[in-house]
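Q: How does the following fold in three dimensions:
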Amino acid sequence: MKLGMVGLGEMGMPMLERLRAAGHDVTFRARRAEVIERASRLGATAADGFDDRDAVVICVYSDEQVRDVGPELLETMGPGSTLVNHTTGSPTTATLLAQVAEPRGVRVLDAALSGGPDDIRAGRLTLLVGGDEPVLNDVRPALATYSDPILHVGRVGDGQRVKLVNNALFAAQVGVVADAERLARGLGVDPGAALDAIQRCSGDSRVLRTVVALGSSERMQEVAGRFIRKDLGVVEQVARELGLGLGRLDPMLERLADLEAIKQLKARYFRFIDTKDWAAFRDLFTEDCKHYLPQESPVPFMTNNDYFAMNEELLTPGVTTHHGHMPEITFLSDTEAEGIWAMFDYVQIEPPSGRVSIMGWGHYYETYRKCDDGKWRISSKRNERLRLDQVPWTLPDRANES
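A: The predicted model follows:
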């Protein structure tokens, strides 16, 4: 077949390799010199238009790029040819392409893909195709050079719809496997050994096997995280536009649970420090937590042991009241976050250096980490007061106590 290609990246280039190896005549459009050189070495030819092509394949990174390049490409294609879009995106984009193509007599397939470059090289990429089945059959010989199975799932746009459901389910399973790793570690079991064994049990899944093959969920995020996040963004946008709830497939459910856990963590911080429950207070921090001190302090921060000892000695005989308000929590990853809390505190203590009786307003600046046992803990903490008032001493003198 005479084919055109746009998007010779991580996925598109191995597709070109398979198409050329099968003897298909391929022209392409690209901007980067190294891409043009590599595609030319494979026997493909650079071209501005595709008016003599039987089909043109788009495999760019984002839905936005499809919207930019797709309508313009259709203007260069001849009647009876077929535009095949492999890029994961909105079903609306697939419909838009079909509407633009119809007056020109160009046919459109949205052929969402599932798999990676290795699957393409092995000829086992899964295609979820929306569009007329006779049109699919016309281009199937070309698509079959790198795809198996090729699944016809409905009308134009349905390929994207099925792919979005798949992506939501895949991302949810990635999160579940990461939690399984943390649980295993918290139970004192090597996560790699545990997941390797579970592959042969009822908890097995394709995602779990992929994580095991890569070595860890963290490695999975390194390899595929940006693609997972991109695809999830499309899922969330489409569901929001349609007013659909994702239920347990919603990636925000876990994030909302983590957000609530951090709020509860800080609430316990305030309660335990004010009630002087030092045993419970200690469990709120990571082992390597840094407690940053005011600028006038002789050391920039304290480690846990020094900080706990200082608090217990100074605060136990005194009175403190801490309030935190309006937290701004930002998640840096699945296990790291940072936060800013508006704060108020009232402190009456009597250290050797003299009485302290103050009322302050300001902010807590903190970082948090989700530990192996699944609990969020404070990993660093800094208190900056914007206002500090001296208040009358109200506690009874120790000398007068009987």
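
Q: so where does the residue most central in space within the chain fall, helix or strand?
A: Taking C-alpha atoms, centre = their mean, the centroid of the chain lies closest to Arg229, which sits 4.3 Å from it. Element membership of Arg229, judged by DSSP states H and E, is helix 217-242.

Q: Show me which positions of that helix end up buried.
A: Going by neighbour count (16 or more other C-beta atoms under 10 Å), the buried part of helix 217-242 is 217-218, 220-221, 224-225, 228, 231-232, 234-236, 238-239. Where C-beta positions appear, they are placed from N, C-alpha and C, glycine not excepted.

Q: Same list (those residues) but as TSV, adding pLDDT and distance to Leu332.
A: Formatted as TSV, these follow (pLDDT from 0 to 100; distance: C-beta to C-beta, whole Å):
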residue	pLDDT	distance to Leu332
Ser217	83	16
Glu218	82	14
Met220	82	18
Gln221	79	12
Ala224	76	19
Gly225	75	13
Ile228	74	16
Asp231	73	21
Leu232	74	17
Val234	76	23
Val235	76	22
Glu236	75	19
Val238	76	26
Ala239	75	25
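
Q: and the next element down the chain from the helix holding Arg229?
A: Note on helix 217-242: by DSSP H and E, the next helix or strand toward the C-terminus is helix 251-275.

Q: before we move on, back to that, other SSEs contacting the helix holding Arg229?
A: Judged by 3 or more C-beta pairs under 8 Å, 6 or more residues apart in numbering; DSSP states H and E, the packing partners of helix 217-242 are helix 91-101, helix 158-186, helix 206-214, helix 251-275.

Q: Tabulate these (TSV), appending distance to Leu293.
A: Below are these laid out as TSV (distance: least, C-beta to C-beta, whole Å):
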stretch	distance to Leu293
helix 91-101	54
helix 158-186	32
helix 206-214	41
helix 251-275	16
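
Q: got the contact list for the closest residue in space to Tyr146 that isn't next to it in sequence?
A: Excluding the flanking residues, the one nearest Tyr146 by C-beta to C-beta, 6 or more residues apart in numbering is Arg18, at 4.1 Å. When contacts are counted by C-beta atoms under 8 Å, 6 or more residues apart in numbering, Arg18 touches 120-121, 123, 145-146.

Q: What subset of those residues is buried?
A: 120, 145-146.

Q: Let me know the angle separating the helix holding Arg229 from helix 206-214.
A: If you take axes from the mean of the first three to the mean of the last three C-alpha atoms, to 10 degrees, helix 217-242 sits at 150 degrees to helix 206-214.

Q: can you give me the angle helix 217-242 makes with helix 91-101?
A: Using the same axes, to 10 degrees: helix 217-242 against helix 91-101 is 60 degrees.

Q: Tell me the strands beside whichever strand or helix holds Ala342, with direction?
A: Using DSSP H and E, Ala342 maps to strand 336-349. Here strand 336-349 has these sheet partners by DSSP bridges: strand 319-331 (antiparallel), strand 356-370 (antiparallel).

Q: Show me which parts of it are buried, residue by residue.
A: For strand 336-349, burial by neighbour count (16+ other C-beta under 10 Å) applies to 337-339, 341, 343, 345-349.

Q: can you check stretch 125-138 too?
A: For stretch 125-138, by 16+ other C-beta under 10 Å, it's 125-132, 135-136, 138.

Q: cool, and stretch 301-313?
A: 302, 307-308, 311.

Q: Okay, and which of these map to strands?
A: Met302 (DSSP state E).

Q: Including distance to Arg377 and pLDDT, could the buried residues of stretch 301-313 go into TSV?
A: Listed next are those as TSV, based on distance: C-beta to C-beta, whole Å; pLDDT from 0 to 100:
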residue	distance to Arg377	pLDDT
Met302	16	91
Tyr307	14	93
Phe308	14	94
Asn311	17	91
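
Q: got the strands paired with strand 336-349 as CSV, with mean pLDDT and distance to Pro91 columns?
A: Formatted as CSV, these follow (pLDDT from 0 to 100; distance: least, C-beta to C-beta, whole Å):
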stretch, mean pLDDT, distance to Pro91
strand 319-331, 93, 29
strand 356-370, 94, 35
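
Q: I'd like to know which of those is closest to Asp196.
A: Nearest to Asp196 among those is strand 356-370; the distance by C-beta to C-beta comes to 23.3 Å.

Q: Tell me the helix or strand right after the closest one.
A: Next in sequence after strand 356-370, counting helices and strands by DSSP H and E, comes strand 376-390.

Q: where does the chain dip in pLDDT?
A: Residues of the chain meeting the criterion pLDDT under 70: 245-254, 295-297, 398-402.
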